[in-house]
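*Asks:* for reference, the sequence and a predicted model appear below.
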Amino acid sequence: MTFVLTSPAFKNGDTLPQAQVFNGMGQSGQNLSPALAWHGVPQGTQSFVVTVYDPDAPTGSGWWHWVVANIPANVTSLPEGAGSGKAGLPAQAVQVRTDFGQPGYGGAAPPPGRKHHYVFTVHALDVPALDITPEASPALVGFMVHHHTLGAATLTAVYGE
């Protein structure tokens, strides 16, 4: 079975809806993390990490929009707004600092000039939890994920001109 990530808000390659766009930095979205669901989980999965990354941000290193770790293996979906404080995350989940400077979901806010890709990824891990706090950087989480990934599923949306 293939590990698959889906959202009722958009399909792979679609334009990111306004609900998932940042409210600030020249944007007027609702800044809600989208509902996400995954299936075809690799055998041996003990937890999940969800990330949202924009590789096109003009920073030299992209832009991390959301990182939430320590999602229990029996959780295979997140409701809309889970990363925005509008819906519940599992009690064990830890959202870490993003490139907006604080934990939680930060929607699309690209500078004008070209479309940006927003890569939503769920990582299936072989450990029940990562030893992190909300002050952790996305790079630290990425390093830990790299060493414990059993599989990953992605869903990409675009936004911008």
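*Replies:* All right, it came through fine. Numbering: from 1, shown residues only.

*Asks:* can you name the residues that contact Trp38?
*Replies:* With contact set as CB atoms under 8 Å, 6 or more residues apart in numbering, Trp38 has these partners: Phe3, Val4, Leu5, Thr6, Phe48, Thr76, Ser77, Val122, Ala153. Bear in mind the C-beta positions are built from the backbone N, C-alpha and C, glycine included.

*Asks:* can you flag the buried ones in those?
*Replies:* Buried subset of the contacts of Trp38 (neighbour count, 16 or more other CB atoms under 10 Å): Phe3, Leu5, Thr6, Phe48, Thr76, Val122, Ala153.

*Asks:* now, those that are in strands?
*Replies:* Of the buried ones among the contacts of Trp38, the ones assigned to strands by DSSP state E are Leu5, Thr6, Phe48, Val122, Ala153.

*Asks:* contacts only, for the second one.
*Replies:* Each residue near Thr6 by CB under 8 Å, 6+ apart is listed here: Leu36, Ala37, Trp38, Leu155.
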